[in-house]
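[1] Here is my input, please return the structure:
(chains A and B)
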Amino acid sequence: MSVNHELSDLFARFAAIVEIKGENVFKAIAFSKVSRLLKDMTFDIKQAALDDKLAHIEGIGAASQRIIQQYINEGRSMDYEEAAASVPPGLLPMLDIPGLGPKTIALLWKQRGVTNIEELVKAIDENQLAGLKGIGDKKIQSIKQGIAMRAQAAERRGIGDALPIAQALVARLCAIPQVKHAEIAGSLRRGRETIGDVDLICSIDSAAAGPQVSAAFVAFPEVTHINGQGATKASVITAGGLQVDLRMVPEEHFGAALLYFTGSKDHGIKIRGLALTKGMTLNEWGLYKLDDHEQAEKKSGGAPKLKPLASRTEADVYRKLGMAFVEPEMREDRGEVELAVQNKLPALIAVADYRGDLHTHTTASDGSNSIEEMADAAAKRGYLFLAVTDHSKSQVIANGLTAERLLKHAKEIRRVSERMKGSITLLAGCEVDILVDGRLDFEDGVLAELDFVVASPHVSPKQDSQKATDRLKRAIESRYVNVIGHPTGRLINQREGLPLQFDKIFAAAAATGTALEINAGYPRLDLNDINARAAIQAGVMLSINTDAHGIAGFDEIGMGIQVARRAWATKANVINCMDLAELRKFIARKREL
DNA sequence: GCCGTTTTCGGCCCGACTGTTTTCAGTCG
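    Numbers count the residues shown, from 1 in each chain, chains lettered A, B, ... in the order given. This next block holds a predicted model:
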């Protein structure tokens, strides 16, 4: 684990300790934020500390800098250890139990001596919690249930697993008569690769329809447990253990609700803070004039009896806030709010900008469709070009091509391309294996016969950092390699991937004119959003490809584009958005090196 | 703990739902 991640975990634990001890809540919030910053950071915190740059990072103040500095120098933090010594370590995991928060945990500890989950279970079973202030029978039952659901709740689902479930629920919601329309919100809408729960927003005929829609929702056949249910929101657990939260609002508040529940939390806090500086307040019902809102009658469970300045669409709200519309994928508080205020947001790449797939397979190796079928399907999608890149000889299990078969295959690809002239251009290519030491699976003489080369690591996914970095660098330096396919080899929720030193990889790729892939196939999505953004900042071109093994695979391009959007990519950053002449120039330039 | 075109001190985003209470605290997102 990198120092960034070690420190991220340390700050997360520190925040939990502060919460349980009931110290200043803002201290806990500040440490949580530092934890998140460290987790998403694209640079090495150790290097930043050596370069004396810690003070420049927004959100990391004097106290956190001291902790980081000491941890880097001595491998420990006295501040943290002192705090940790004052709280039984077994209390921290209790925060993961749904329905159980820091206040109750502290109460259980101080009043009943509970110091870990096992003791909590025992205390419940032996009826030791009776008589605690604020803890009744129902509360005890909900804690018991929370313990049982903890393991499932803690696990984040991959976007590829959660999206179909969410889409099915949206379709069901739309079939309810009182529902006007429904949309996915939350981290799923922002395109995060894993999600903690599904957030759905629907608009209803009138506020009065809320309870009916809520009742219909919790009665869906997928629902196995109801967390809560009211006139404007409901929360359930579905068969797969996935939590789904639904908000219901009248149509005129839909945009504000969608904005609020798309998040991220940090983006929301930033723009609500911005609203305050402009004498307005923003909540899930709309953007309001602050004075009016403070005077208006306060009641829970419905829209304020007050005309909002904006609420019908997200665009309305952003406009009234004096900022440009922020695409959902950018709403992570990574500088997008500041840019939106100055109207300087990048124009993110869209599916419509995409001109062709550069990493695909056919029946020649392990694909399920022929060259013609793939070309046909690509042409029907409006693609201008398609690179056919079947596996190389080391991939025996995938029916990898020998040099001889590859060259014959290339001829066939060109023949089909000729036949389809005017509709689509095929590039005769190969996905050549990057061997353990960075050599390629074919000699230069063979690769020189091809139009396009993707080089990918398949074997040895657990190499150490130095070897893995040298391995990819060597492949990048080959004049015939145009794209490094799925550079880390990670699989979401299954495999970590190569521990690359990204700064070195990016520098080599930028210097040689080699594109790095965002593999759009789930569960690869590799490079991920964070690394892709760092690659762009280092001047690297990206290539987004489906790695389709059949015509249905082309459909996965959407998820790849979404990763690129999360990386703030514009079409100028992606070689798949070039026209054919530009792409050929991109290839030719490297061969001249 | 963090931050500053009102502030180096005094704020820090906001509301719904539950359960335990008779007006609110805790939790969640």
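[2] For chain A, name the helix or strand with the lowest mean pLDDT.
    helix A:290-295 (a mean of 76; mean pLDDT, DSSP states H and E).
[3] Wondering if that one reaches DNA strand B at all.
    Yes - legend: contact between helix A:290-295 and DNA strand B by C-beta under 7 Å from any atom of the strand is shown at residue A:293. Glycine gets a C-beta too; all of them are placed from N, C-alpha and C.
[4] Show me what counts as buried in that helix.
    residue A:293 (16 or more other C-beta atoms under 10 Å).
[5] Show me what that helix is packed against.
    strand A:280-283 (3 or more C-beta pairs under 8 Å, 6 or more residues apart in numbering; DSSP states H and E).
[6] before we move on, the earlier item: tell me which helix or strand comes right after the least confident helix or strand of chain A.
    helix A:314-320 (DSSP states H and E).
[7] mind saving the C-alpha coords of that next one as PDB?
    Taking Å, rounded to 0.1, in the frame of the first residue of the first chain, the C-alpha atoms of helix A:314-320 are listed here in PDB:
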ATOM      1  CA  GLU A 314     -30.500  21.800 -12.700                       C
ATOM      2  CA  ALA A 315     -29.500  24.300 -15.400                       C
ATOM      3  CA  ASP A 316     -31.900  26.900 -13.800                       C
ATOM      4  CA  VAL A 317     -30.200  26.500 -10.400                       C
ATOM      5  CA  TYR A 318     -26.700  26.800 -11.700                       C
ATOM      6  CA  ARG A 319     -27.600  29.800 -13.800                       C
ATOM      7  CA  LYS A 320     -29.100  31.600 -10.800                       C
END
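[8] Show me what it packs onto, helices and strands only.
    Short answer (3+ C-beta pairs under 8 Å, 6+ apart): helix A:314-320 packs on helix A:254-262, strand A:286-289.
[9] Check the offset of that helix from the chain's centre.
    Averaging C-alpha positions (C-alpha atoms, centre = their mean, to the nearest Å) puts helix A:314-320 25 Å from its chain's average.
[10] before we move on, what about stretch A:142-151?
    With C-alpha atoms, centre = their mean, you get 27 Å for stretch A:142-151.
[11] Need the contact partners of that stretch.
    A:96-100, A:104, A:117, A:120-121, A:124, A:225, A:237, A:241 (C-beta atoms under 8 Å, 6 or more residues apart in numbering).
[12] circling back to that earlier point, just send the helices and strands packed on helix A:314-320 back as CSV, with distance to DNA strand B, mean pLDDT and mean neighbour count too.
    Putting the helices and strands packed on helix A:314-320 into CSV (distance: least, C-beta to the nearest atom of the strand, whole Å; pLDDT from 0 to 100; neighbours: other C-beta atoms under 10 Å) gives the following:
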stretch, distance to DNA strand B, mean pLDDT, mean neighbour count
helix A:254-262, 6, 93, 25
strand A:286-289, 8, 90, 24
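[13] And the helices in the stretch 351-500 of chain A?
    A:371-380, A:403-419, A:444-447, A:465-476 (DSSP state H, counting those that start in this stretch).
[14] before we move on, back to that, so of the contacts of stretch A:142-151, which two are at opposite extremes in space?
    Pairwise distances across these peak at 23.5 Å for A:104 and A:241 (criterion: C-beta to C-beta).
[15] Between the two, which is the more surrounded one?
    residue A:104 (18 against 14; other C-beta atoms under 10 Å).
[16] Check which helices and strands the helix or strand that contains that one is in contact with.
    Assigned by DSSP H and E, residue A:104 falls within helix A:102-112. Secondary-structure packing of helix A:102-112 (3+ C-beta pairs under 8 Å, 6+ apart): helix A:3-21, helix A:117-125.
[17] roughly how far out does that helix sit from the chain middle?
    The answer for helix A:102-112 is 35 Å, by C-alpha atoms, centre = their mean.
[18] ok and that helix relative to helix A:117-125, angle-wise?
    Compare the direction of helix A:102-112 with that of helix A:117-125 by axes from the mean of the first three to the mean of the last three C-alpha atoms, to 10 degrees and you get 70 degrees.
[19] Briefly note if helix A:102-112 comes near DNA strand B.
    Yes - applying C-beta under 7 Å from any atom of the strand, one finds helix A:102-112 touching DNA strand B at A:102, A:103, A:104, A:105.
[20] Just list the residues touching the spatially most central residue of chain A, thanks.
    Geometric centre of chain A, nearest residue: residue A:192, 2.2 Å, by C-alpha atoms, centre = their mean. For residue A:192, the contacting residues are A:159, A:566, by C-beta under 8 Å, 6+ apart.
[21] 10 Å - rerun?
    A:156, A:159, A:162, A:186, A:263, A:264, A:329, A:332, A:529, A:562, A:563, A:566 (C-beta atoms under 10 Å, 6 or more residues apart in numbering).
[22] So which of those reach DNA strand B?
    Within the contacts of residue A:192, those near DNA strand B by C-beta under 7 Å from any atom of the strand are residue A:186.
[23] ok, and the most crowded of the contacts of residue A:192?
    Within the contacts of residue A:192, most neighbours by other C-beta under 10 Å means residue A:563, with 29 neighbours.
[24] per-residue confidence for that one?
    What the model reports for residue A:563 is a pLDDT of 97.
[25] Can you list the neighbours in contact with the helix or strand encompassing residue A:187?
    For residue A:187, the host element (DSSP H and E) is helix A:186-190. With C-beta under 10 Å, 6+ apart as the test, helix A:186-190 has contacts from A:156-157, A:159, A:162-163, A:165-167, A:183-184, A:192-201, A:244-245, A:258, A:261-265, A:267, A:327-332, A:529, A:562, A:565-566.
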